[in-house]
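Participant: using only what follows, build the 3D model:
(2 chains)
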2 protein chains.
Amino acid sequence: MNLTDLIFKTRSYRRFDESCHIDTKTLETLIDLARLSASGANRQPLKYLIYNTPEDCERIFPSIAWAGYLTEWPGPDKGERPSGYILILGDKSITEIFGVDHGIAAQSIMLGATEVGLGGCMIASIIREELRNELKIPDSFDILLILALGRPVEKVIIDDIKNDDVKYWRDSGKNHHVPKRSLKELIIKL
Amino acid sequence: MNLTDLIFKTRSYRRFDESCHIDTKTLETLIDLARLSASGANRQPLKYLIYNTPEDCERIFPSIAWAGYLTEWPGPDKGERPSGYILILGDKSITEIFGVDHGIAAQSIMLGATEVGLGGCMIASIIREELRNELKIPDSFDILLILALGRPVEKVIIDDIKNDDVKYWRDSGKNHHVPKRSLKELIIKL
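Facilitator: Model prediction:
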């Protein structure tokens, strides 16, 4: 798959076939893509936690705030929840400034996930102290991002933006619509 | 090219064949990859500026702090400088919080650059006020990242890290060596 197709297919998915197990080796291979991606001043301050058992996934799920614009949707039902998670941590013993390293890393991982038939969502809306306590994450790590992963069961449709409204929405067929700004709007001239 | 190869080839390059023109259409196509990438709360607050003439490139070059660890190297010589730039701005009329959107966008763009035979460097060490004045960038935009682009003429070699030393260095053949932490170091267990 060329990169254009890969990026086009790499949507933010929030409903999955929860019965689909993601093996540890797959998650490690995805993190290796992040390892080989750029890092500010080459500091490489990110660390990763992997979870892929039903029990562990259940521990993480409640600490995630799902889909802010879908106010009546508390998140995926049982059976449609992520079957794997990668947590991206910032190792404060290396630096306290993580810049956009976790954005770069997360994009590499999510593109890699698409390539192996998975999908997911980068999540920054995290109930951090709850998650820290649940997983016993030491204070020496910042919790930067959760990557929720699984085999997607929803269709995500990119629409042209209308009236500057960026809110994604679901249609009656549960398809997820995401309004995107046009290229013309994004490239400015001075 | 599969994603693993693409990521492996997407190194941070700082010396280029400056005579290689990058056309506007190519830069626009790269930004379209960023446009279709994830954005926090789907706000899409990033804007882009494109420069690809020798005159414009000369205006941007002095505002970049090149390769912090190569203290005796002021940056690429004439003839080896970038022949194109994409500036990623944060549009403060949309939000003041850009999260890691520019990291995600930059990774999509740099991977796309590799796919079309280009390469470059994400640069956050920018003399921002100088650049703002030179390009007349309004205060309503934050200058988030510069992506310096061109046809690379240097070899970048990934080494295993030694003694926790993350500093990249050049060998006598001007090859650029980048120590990377091992996957074993990055994936932690609690």
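Participant: so what's the gap between the strand or helix carrying residue A:177 and the chain middle?
Facilitator: Element membership of residue A:177, judged by DSSP states H and E, is strand A:176-180. With C-alpha atoms, centre = their mean, to the nearest Å as the basis, strand A:176-180 stands 17 Å off its chain's centre.
Participant: adjacent strands (with direction) for that strand?
Facilitator: strand A:156-160 (parallel), strand A:169-170 (antiparallel) (DSSP bridges).
Participant: for the longest one, buried residues please.
Facilitator: Going back to what we said before, that points to strand A:156-160. residue A:156 (16 or more other C-beta atoms under 10 Å in any protein chain shown). For every residue, glycine as well, the C-beta is placed using N, CA and C.
Participant: one more: stretch A:62-71?
Facilitator: So stretch A:62-71, judged by 16+ other C-beta under 10 Å, has buried residues A:63-64, A:66-67.
Participant: just the ones of those residues in helices?
Facilitator: Judged by DSSP state H, the buried residues of stretch A:62-71 include no members of helices.
Participant: and those residues, which is closest to chain B?
Facilitator: residue A:67 (9.8 Å; C-beta to the nearest C-beta).
Participant: how about residue A:118, nearest residue that isn't a chain neighbour?
Facilitator: Using C-beta to C-beta, 6 or more residues apart in numbering or on different chains and skipping residues adjacent in sequence, the residue nearest residue A:118 is residue A:149, 5.5 Å away.
Participant: so what strands line up beside the helix or strand where that neighbour lies?
Facilitator: Using DSSP H and E, residue A:149 maps to strand A:141-150. Partners of strand A:141-150 in the sheet, by DSSP bridges, are strand A:84-91 (antiparallel), strand A:119-123 (antiparallel).
Participant: redo those as JSON lines? Include mean neighbour count and mean pLDDT.
Facilitator: Formatted as JSON lines, these follow (neighbours: other C-beta atoms under 10 Å in any protein chain shown; pLDDT from 0 to 100):
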{"stretch": "strand A:84-91", "mean neighbour count": "24", "mean pLDDT": "98"}
{"stretch": "strand A:119-123", "mean neighbour count": "24", "mean pLDDT": "98"}
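Participant: out of the ones you listed, flag the one nearest residue A:138.
Facilitator: strand A:84-91 (9.4 Å; C-beta to C-beta).
Participant: TSV for the buried residues of stretch A:62-71, including pLDDT?
Facilitator: Below are the buried residues of stretch A:62-71 laid out as TSV (pLDDT from 0 to 100):
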residue	pLDDT
A:63	96
A:64	96
A:66	90
A:67	79
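Participant: from the chain's centre, how far out does the strand holding residue A:149 sit?
Facilitator: On C-alpha atoms, centre = their mean, the centre of strand A:141-150 falls 7 Å from that of its chain.
Participant: centre-most residue in chain A?
Facilitator: Centrality entry for chain A: nearest residue to the mean C-alpha point is residue A:122, 1.9 Å, by C-alpha atoms, centre = their mean.
Participant: where does the residue lying closest to that residue once chain neighbours are set aside land in three-state SS?
Facilitator: For residue A:122, ignoring the flanking residues on the chain, the nearest one in space by C-beta to C-beta, 6+ apart is residue A:106 at 4.8 Å. Under DSSP: H, G, I helix; E, B strand; the rest coil, the three-state class of residue A:106 is helix.
Participant: ok, now which ones touch residue A:106?
Facilitator: A:34, A:88, A:122, A:145, A:147, B:38, B:100, B:103-104 (C-beta atoms under 8 Å, 6 or more residues apart in numbering or on different chains).
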